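Student: Just to be clear, the model below is a prediction. Sequence and coordinates:
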Amino acid sequence: MDGMPKPLSPEIVANVLQARQSGEGTRVTAARLGITVASVYSILAKHGVERRPMRNTADADDATKAAIQTAFRAGSTIPQIAKQQSRSTNNVRDILKSLGEKTPGRTEAGAKRHILTREQELAIIDEYYDVTKRPSITERWNLPNLYIYRILKRHAVQTDHRQYTLNEAAFDLPITPEAAYWAGFLMADGSVTLDPLDARAPKIELNLAVKDIAAVAALQRFLNTEIPITTRVIESGNSCKLSIRSRRLAESLAALGIIPGKTNIEEASDPLCKNPFFWRGLMDGDGCFRGNPGINALGSKRLLEQIIEFIGIDSRIVFRNGIHSVWWTDRRSVLKIARMFIEIDVPFCLERKKNDMLALIRMCE
């Protein structure tokens, strides 16, 4: 019936039970498997596993207490420490208090803003305007990012505040070879979402099967972001996703032809249409190198016309089941195309696609 939760697979059930035996925290297990905490408890209850009693400070050994205290003094927040130690925030707070640490409780955090004088707040603003000092403001003042942001907001300072770092200039022109590669990959497998009823910035996403998580992690590194990669379990298999909101990135990608709702209307912009790194990224994302032998590309009719022009070997574009595709199947063409793409020296490539290309080269030589 609609609205009823789908039964969890035997693999997830087994994973939950194994995680409990190994001592993994409930929330950590839920996040790793892409299910809710309630689902974890439900599985444990059905298999007769009792819930762990609430932790207290006495159940933490000296090494654990020392690790918590060290992390706290190094600037980690209580929620961050709780996640690392698989403990509740209250438990971590109690341990810190037992060690004589002064912890910011809810009421204390709200009152903390009154500790700084106006002169100190103005000094923070001056440091924010100094780009050489901005990255280490929180460390120097021993204040969380959100508190610094509130000071700036009270003084009407325009900010580019983000919870995570992000290189929003990554796709600015002139485009670099690495940026061109990722533009091709996003043209093939990424998406840009812009909801006119949503005041937030457009959303850029790369969502792949877990077997290709290395590609998602490589994009994360290229964008120099700490935004986490999320995973989830779906009927067709496990998937992983990097989801970013950035107006500037969306505008830069649009200038390259990567726009919201691009399916069947994709077209590489002038900076990309003759760029080999772009086409290598596109083929890594949506190309197919088979041992028939054959090489296949998918996309809009215009995009396929552009890749045919780039490769320099003509072929017929086929439209079937709502999808445009182009195939090259004669050995001479396949060998030339596979060699062309394998010789494009990119900082990252999808290893399985690279192996497919090498196999085709060996077959056709």
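Tutor: Arrived safely.
Student: Need the nearest residue in space to residue 88, chain neighbours excluded.
Tutor: Nearest residue to residue 88 in three dimensions, chain neighbours excluded: residue 82, at 6.1 Å (Cβ to Cβ, 6 or more residues apart in numbering). Backbone N, C-alpha and C define where each C-beta goes, glycine included.
Student: quick one: strands adjacent to the longest strand seen in the chain?
Tutor: Using DSSP state E to define each element, the chain has its longest strand at strand 237-245. Strand pairing for strand 237-245, using DSSP bridges, gives strand 203-209 (antiparallel), strand 230-234 (antiparallel).
Student: Give the buried residues for stretch 228-244.
Tutor: Of all the residues in stretch 228-244, those buried under the rule 16 or more other Cβ atoms under 10 Å are 231, 233, 239, 240, 242, 244.
Student: quick one: terminal-to-terminal distance for that stretch?
Tutor: Distance across stretch 228-244, first residue to last, is 10 Å (Cα to Cα, to the nearest Å).
Student: Off-centre distance for it?
Tutor: Chain-centre distance of stretch 228-244: 9 Å, with Cα atoms, centre = their mean, to the nearest Å.
Student: how near is residue 258 to residue 287?
Tutor: 17 Å (Cβ to Cβ, to the nearest Å).
Student: scratch that, residue 332
Tutor: 19 Å.
Student: between those two, which one's more packed in?
Tutor: residue 287 (24 against 10; other Cβ atoms under 10 Å).
Student: Find me whatever residue is spatially closest to the more buried one, sequence neighbours aside.
Tutor: residue 297 (5.3 Å).
Student: what secondary structure does the one you found sit in?
Tutor: Using DSSP: H, G, I helix; E, B strand; the rest coil, the structure places residue 297 in strand.
Student: Residue 49 too?
Tutor: Assignment for residue 49 (three-state DSSP): coil.
Student: That one: how many residues sit nearby?
Tutor: 14.
Student: and residue 216, what helix or strand is that in?
Tutor: If you go by DSSP states H and E, residue 216 is part of helix 213-222.
Student: Now do that helix against strand 237-245, angle only.
Tutor: Relative orientation of helix 213-222 and strand 237-245, computed by axes from the mean of the first three to the mean of the last three Cα atoms, to 10 degrees: 10 degrees.
Student: Which positions in helix 213-222 come out as buried?
Tutor: Buried residues in helix 213-222 (16+ other Cβ under 10 Å): 213, 215, 216, 218, 219, 220, 222.
Student: now swap in stretch 266-283 and tell me
Tutor: So, applying 16+ other Cβ under 10 Å, buried residues of stretch 266-283: 266-269, 271-273, 275-283.
Student: Of all those, the one with the weakest confidence?
Tutor: Lowest pLDDT among the buried residues of stretch 266-283: residue 271, with 86.
Student: That one looks like it's in a strand, true?
Tutor: No - under three-state DSSP, residue 271 sits outside any strand and is assigned coil.
Student: what sits against it?
Tutor: With contact set as Cβ atoms under 8 Å, 6 or more residues apart in numbering, residue 271 has these partners: 173, 174, 175, 180, 256.
Student: same deal with residue 210?
Tutor: Residues near residue 210 by Cβ under 8 Å, 6+ apart: 231, 237, 238, 239, 240.
Student: Could I get the residues you listed in JSON lines, plus columns for distance to residue 305 and pLDDT?
Tutor: JSON lines is the format used below for those (distance: Cβ to Cβ, whole Å; pLDDT from 0 to 100):
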{"residue": "231", "distance to residue 305": "37", "pLDDT": "83"}
{"residue": "237", "distance to residue 305": "33", "pLDDT": "68"}
{"residue": "238", "distance to residue 305": "36", "pLDDT": "82"}
{"residue": "239", "distance to residue 305": "31", "pLDDT": "86"}
{"residue": "240", "distance to residue 305": "32", "pLDDT": "90"}
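Student: Distance to residue 155 for the residues you listed - can I get that in JSON lines?
Tutor: Listed next are these as JSON lines, based on distance: Cβ to Cβ, whole Å:
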{"residue": "231", "distance to residue 155": "40"}
{"residue": "237", "distance to residue 155": "50"}
{"residue": "238", "distance to residue 155": "46"}
{"residue": "239", "distance to residue 155": "43"}
{"residue": "240", "distance to residue 155": "40"}
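Student: Show me where the stretch 151-300 of the chain dips below the pLDDT cut-off.
Tutor: 158-163, 197-199, 234-237 (pLDDT under 70).
Student: and this protein, what are its domains?
Tutor: The record assigns the chain these domain ranges, following automatic domain parsing: 10-46, 57-103, 109-154, 177-364.
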